[in-house]
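Trainee: Build me a structure from this.
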Amino acid sequence: MLLIQFLNALQFSMTLFLLAVGLTIIFGLMKIVNLAHGSLYMIGAYIGLSIWSYFDSFWLALIFSPLITALIGAFLYNILFKHIQNADPMKQVLLTFGLIYIGLDSVRLIWGTMSHSISAPELLSKSIILINDPYPSYRLFVIFVGIFVLFCLYFILEKTVIGAKVRASVDDPEAARLLKINTDKILFYTFSLGCGLAGLAGITVAPILGVEPGMDMEVLVLTLIVVVVGGPGSLKGAIVGALLIGFVDSFGKVYIPQLAQIIIYAVMALTLLFRPDGLFKR
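Mentor: Residues are numbered from 1 along each chain as shown. The predicted structure is shown next:
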């Protein structure tokens, strides 16, 4: 039973990581808290639902849903986000908060208000036995996706020239421009990647949580807490924060459900008190 709960917590942590890593990198580069990030998670799930329904292929949905969500992110960047990067923080919050309602109404208009479900692919539809307890193989797949994305991002950011340019743009944008780094292009591609990762999170967890209007708000607050605890702009902070909040939430709801939410906010409050810039400041 403890192993099953551990894996459930790890699976939820990987979902939070997929959401938080895009948000934290965007904040690190642009200093914008994109409150509409959860909406892209929801839209990614709905796009995946449409692809799955039409082609009867979860794998096509898994591939194309993040790509289409990234294109939506690129569109939003060009028409809105690059223009509000240096705006007053309150204006940024109000504009991105408005996008939440635009996303919600768009989903209701296109897909309706009913809840939907997506079946896991046949390859991952069965359970495996772990120490005499069955465990859904699809949840293990979600864990694998999160770990795979973590290692890919680590390699890109730490071991490639592109990653060095991204890190330079986060650490000191002015110095990066003096070094002839095209920070505008870095911002564009990084923002699009972050949105694509939100879409990936949406379609990945759809077979577990389902697809419904408002699903974005269920994870947005926890995602923001992960970013605050881990430290904006930090890949290490995103994974550590996701693991911390994911495990506290999962185990708390099982063993002390009355205090689970209180503990999460207490963790955030203590982090802000002793490490205002997060556990891993970039």
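Trainee: Name the residues of the lengthiest helix in the chain that are buried.
Mentor: Residue-count comparison of every helix in the chain, with assignments taken from DSSP state H, identifies helix 2-30 as the longest. Residues of helix 2-30 classed as buried by neighbour count (16 or more other CB atoms under 10 Å): 7-30. No exception for glycine: its C-beta is placed from N, CA and C like everyone else's.
Trainee: helix or strand right after it?
Mentor: If you walk from helix 2-30 toward the C-terminus, the next helix or strand you reach (DSSP states H and E) is helix 37-55.
Trainee: And that following helix, what does it pack against?
Mentor: Of the remaining helices and strands, those touching helix 37-55 by 3 or more CB pairs under 8 Å, 6 or more residues apart in numbering; DSSP states H and E are helix 2-30, helix 58-79, helix 89-111, helix 183-209, helix 215-230.
Trainee: List the buried residues for the fourth one?
Mentor: By 16+ other CB under 10 Å, the buried positions in helix 183-209 come out as 183, 186-209.
Trainee: What number of residues are in the vicinity of Ile100?
Mentor: The number of residues packed around Ile100, counting by other CB atoms under 10 Å, is 19.
Trainee: again with the one 4 residues further on
Mentor: Summarising burial for Leu104: neighbours were counted as other CB under 10 Å, giving 18.
Trainee: so the closest residue to it other than its chain neighbours, which of the three states?
Mentor: What sits nearest to Leu104 in space, not counting adjacent residues and going by CB to CB, 6 or more residues apart in numbering, is Pro213, at 5.9 Å. What DSSP: H, G, I helix; E, B strand; the rest coil gives for Pro213 is coil.
Trainee: so what's Pro213 up against?
Mentor: Contacts for Pro213 (CB atoms under 8 Å, 6 or more residues apart in numbering) come out as 42, 104, 107-108, 111, 113.
Trainee: how does it look with 10 Å?
Mentor: 42, 46, 103-108, 111-115 (CB atoms under 10 Å, 6 or more residues apart in numbering).
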